[in-house]
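A.B. asks: Sequence first, predicted coordinates after that:
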Amino acid sequence: MIAPDTKWGCAAGIVLTALFFSPLAGVPNDQRLFLFWRHGDSIDLIVACIAMSLAIGFVVSWSLRSKHRHLAALLICGIWFIPLTCLTASVVRLLPGVRWLLAPTPVAMGLAFMIAMLAAAIIKHPLRVTRLALDILPVCVPATVVVGAFLVSLMMARSVSTTFGTIGPEGSHARGPNILVLVFDELSYNYLFDGTSVGRHYPAFHAAALRGVSYTQAKSPGGRTLLSLPGYLAGKRFARAEVAGGLMYVADSPGGPLVALEAQLEDGPCRQARAAGYRTEISGYYLPYCDLLKSEVDACRTISEYNSNWIGAPRSVWSPIWTNLSLLPHQFPTGLIKNPIYSYHQKAMTAAIIADAQAPFTGSDKVFRFIHLSIPHAPFVYDRDGFRLRGDPFVTTNEAYADQLRYTDTVLAGILNAHASALDNTRVVITADHELRANTAPEENDHVPLFVLRTSQPAAATVDEPTWVSDVVRQVISSR
């Protein structure tokens, strides 16, 4: 015969574990592509669910047997808090009409009132509080079933490839000419330039402008990453981009038919470079490059901005937990949990992409390497000296963006210094996917910085004519 406290412990373990993972389950189908979910992640998630259910069940069973009624009530309320917070946050995010509830003032007032009432209840009626917590479990069963169904559908989704080949493999250095394309996410023209010249407070970008060609009227393929990056990969401009069924679709006109992005890559820079005899490599975040370009590149690494297990590290039960918590809203109080986790993920992701950008050009006579860096885009976790935790790194302020842009400048300097011995035989393209959208009119979001450092560039030059970045990349590849 199973003891009642054990039954309640098992029930609480299953229900609260499911509610805890509601942010992960609540990712809409058209956004799951950006998780880069793999079969190994499903195994991690199953193990994490079992371990968490057992841990919660043990604590609840012990609390129900404990003679320390106040401690037992406090433990049970603490265990209930995070799963119910995860569920509430997920529901609020899915209902646009009530997103005002995420504003700091109502959340802080509601949370303070709830904590005060709960503390008073625990002090005066600990047994009733414990009983109420148990009575909530049957009410949560429907939500548990729904969350479980969505988690199963996530685990059954198509597995995404995140890496193949080696960027900068062991071997002799390429004779060149090599090509390095650096796309910095949300690198702002308006911040970087003083008029038509780069400000001296960004010395690496300033030096690049003095050494190569600066384009003052360059346009990216789109005013947001969802349009711009597919455009860079295809070498053309799209009017619309959507994600459905784990695939990306694009259209040439606002009302035109949607076509799979993979079918639009025949004129892209990777295929052009490979046809010209280059070894092709790509590294970045946001898009599943390794699936999209599996027949176009020799080496690839793609990193999810949410999924914590992305570098090929040993399987970890903590990975789906960190991923789930990184999907919480960044506002108070869930931001107290999410923001440090997401900030450290940004740090690790940025370091990995920088390492790929700095890897030597090897493996062939000449190498074409495309790098999509996640900075200076939010979260804002850097200043010129390096990593720096902020209270809410997703709030865009002039100070936060300028600090991260200064760090981006040091990153550019580090990448160019890593290739110092090969720069005389390397063409470097430095650009962005779009402007800083928070401070820019929508029609100007595709106005981006563009610098080209050529192997035979005699002196600095400035081009003031309207220019498409994709056309310049195509010219760099085809030039002798």
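C.D. replies: Yep, that arrived.
A.B. asks: Where does the prediction get shaky in the stretch 51-200 of the chain?
C.D. replies: Residues of the stretch 51-200 of the chain that meet the criterion pLDDT under 70 lie in 95-114, 118.
A.B. asks: where do the helices sit along it?
C.D. replies: With DSSP state H, counting those that start in this stretch as the criterion, the stretch 51-200 of the chain has helices at 69-94, 104-124, 126-155, 189-192.
A.B. asks: Format the ones you listed as JSON lines; extra columns: distance to residue 173.
C.D. replies: To be clear about C-beta, it is placed using only N, CA and C from the backbone, and glycine gets the same treatment. Shown next, in JSON lines, are these (distance: least, C-beta to C-beta, whole Å):
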{"stretch": "helix 69-94", "distance to residue 173": "49"}
{"stretch": "helix 104-124", "distance to residue 173": "54"}
{"stretch": "helix 126-155", "distance to residue 173": "43"}
{"stretch": "helix 189-192", "distance to residue 173": "32"}
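A.B. asks: Quick one: those helices as CSV, columns for mean neighbour count too.
C.D. replies: CSV is the format used below for those (neighbours: other C-beta atoms under 10 Å):
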stretch, mean neighbour count
helix 69-94, 19
helix 104-124, 12
helix 126-155, 15
helix 189-192, 19
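A.B. asks: quick one: which of the ones you listed is nearest residue 392?
C.D. replies: With C-beta to C-beta as the measure, helix 104-124 is the member of those nearest residue 392 (9.4 Å).
A.B. asks: number of nearby residues for the closest residue to residue 256 other than its chain neighbours?
C.D. replies: Distances taken as C-beta to C-beta, 6 or more residues apart in numbering place residue 239 nearest to residue 256, at 7.0 Å, with adjacent residues excluded. By other C-beta atoms under 10 Å, the residues close to residue 239 number 13.
A.B. asks: try residue 308
C.D. replies: Neighbour number of residue 308 under other C-beta under 10 Å is 25.
A.B. asks: Run through the residues that contact it.
C.D. replies: Each residue near residue 308 by C-beta atoms under 8 Å, 6 or more residues apart in numbering is listed here: 318, 319, 320, 322, 323, 326, 341, 345.
A.B. asks: quick one: residue 237 and residue 230 touch, right?
C.D. replies: No: contact criterion C-beta atoms under 8 Å: residue 237 and residue 230 do not qualify, at 9.7 Å.
A.B. asks: Quick check: the residue nearest to residue 256 vs residue 223, distance?
C.D. replies: According to C-beta to C-beta, to the nearest Å, residue 239 stands 11 Å off from residue 223.
A.B. asks: now swap in residue 180 and tell me
C.D. replies: With C-beta to C-beta as the criterion, residue 180 and residue 223 are 25 Å apart.
A.B. asks: what's the pLDDT at residue 311?
C.D. replies: pLDDT for residue 311: 52.
A.B. asks: what do you get for the one 5 residues further on?
C.D. replies: The per-residue pLDDT reported for residue 316 equals 82.
A.B. asks: That one belongs to a helix, doesn't it?
C.D. replies: No: counting by DSSP: H, G, I helix; E, B strand; the rest coil, residue 316 falls outside a helix, being coil.
A.B. asks: For it, give me its contacts.
C.D. replies: Listed by C-beta under 8 Å, 6+ apart, the contact set of residue 316 reads 44, 309.
A.B. asks: swap in residue 392?
C.D. replies: The neighbourhood of residue 392, defined by C-beta under 8 Å, 6+ apart, consists of 330, 331, 335, 339.
A.B. asks: any idea which of those has the most stuff around it?
C.D. replies: Highest neighbour count within the contacts of residue 392: residue 339, with 24 neighbours (other C-beta under 10 Å).
A.B. asks: Surely that residue is within a helix?
C.D. replies: Yes: residue state for residue 339 (three-state DSSP) corresponds to a helix.
A.B. asks: what's the neighbour count on residue 337?
C.D. replies: Neighbours of residue 337 under the rule other C-beta under 10 Å: 16.
A.B. asks: Can you point out the helix or strand that includes the closest residue to it other than its chain neighbours?
C.D. replies: In space, and not counting its chain neighbours, residue 337 is closest to residue 325: 5.4 Å by C-beta to C-beta, 6+ apart. For residue 325, the host element (DSSP states H and E) is helix 318-326.
A.B. asks: what helices or strands is that helix leaning on?
C.D. replies: In this structure, helix 318-326 makes packing contacts with helix 22-25, helix 39-65, helix 335-358, judged by 3 or more C-beta pairs under 8 Å, 6 or more residues apart in numbering; DSSP states H and E.
A.B. asks: Taking helix 335-358 as reference, get the angle to that helix.
C.D. replies: In terms of direction (axes from the mean of the first three to the mean of the last three C-alpha atoms, to 10 degrees), helix 318-326 departs from helix 335-358 by 120 degrees.
A.B. asks: Tell me the buried residues in helix 318-326?
C.D. replies: 319, 320, 321, 322, 323, 324, 325, 326 (16 or more other C-beta atoms under 10 Å).
A.B. asks: quick one: which of those residues is nearest residue 75?
C.D. replies: residue 321 (19.8 Å).
A.B. asks: Contact partners for that closest one?
C.D. replies: Residue 321 makes contact with 48, 52, according to C-beta under 8 Å, 6+ apart.
A.B. asks: confidence score at it?
C.D. replies: Each residue has a pLDDT score; the one for residue 321 is 94.
A.B. asks: Roughly how far does it sit from residue 47?
C.D. replies: Taken as C-beta to C-beta, the span from residue 321 to residue 47 is 11 Å.
A.B. asks: ok, the helix or strand hosting residue 368: who's next to it in the sheet?
C.D. replies: Here residue 368 sits within strand 367-376, counting by DSSP H and E. Using DSSP bridges, the strands paired with strand 367-376 are strand 178-185 (parallel), strand 279-285 (parallel).
A.B. asks: Which of those strands sits closest to residue 160?
C.D. replies: If we rank the strands paired with strand 367-376 by C-beta to C-beta, the stretch that ends up nearest is strand 279-285, at 12.9 Å.
A.B. asks: now the following helix or strand past that closest one, how far from the centre of its chain.
C.D. replies: Next helix or strand after strand 279-285 toward the C-terminus (DSSP H and E): helix 289-292. Per C-alpha atoms, centre = their mean, to the nearest Å, the displacement of helix 289-292 from the mean C-alpha position of its chain is 16 Å.
A.B. asks: do stretch 173-184 as well
C.D. replies: Relative to its parent chain, stretch 173-184 has a centroid offset of 25 Å by C-alpha atoms, centre = their mean.
A.B. asks: With stretch 360-377 instead?
C.D. replies: 19 Å.
A.B. asks: pLDDT (mean, whole number) over stretch 390-405?
C.D. replies: 93.
A.B. asks: How about residue 63, nearest residue that isn't a chain neighbour?
C.D. replies: In space, residue 63 comes closest to residue 72 once its chain neighbours are excluded; the distance is 3.9 Å by C-beta to C-beta, 6+ apart.
A.B. asks: got a list of what the one you found touches?
C.D. replies: 63, 64, 66, 126, 130.
A.B. asks: hang on, the earlier thing: nearest to residue 219, out of the strands paired with strand 367-376?
C.D. replies: Comparing the strands paired with strand 367-376 by C-beta to C-beta, strand 178-185 comes nearest, at 13.8 Å.
A.B. asks: How about residue 158: what's its closest non-neighbour residue?
C.D. replies: Counting by C-beta to C-beta, 6+ apart, the residue nearest residue 158 is residue 246, at 4.9 Å.
A.B. asks: I'd like the distance between the one you found and residue 9.
C.D. replies: For residue 246 relative to residue 9 (C-beta to C-beta), the value is 38 Å.
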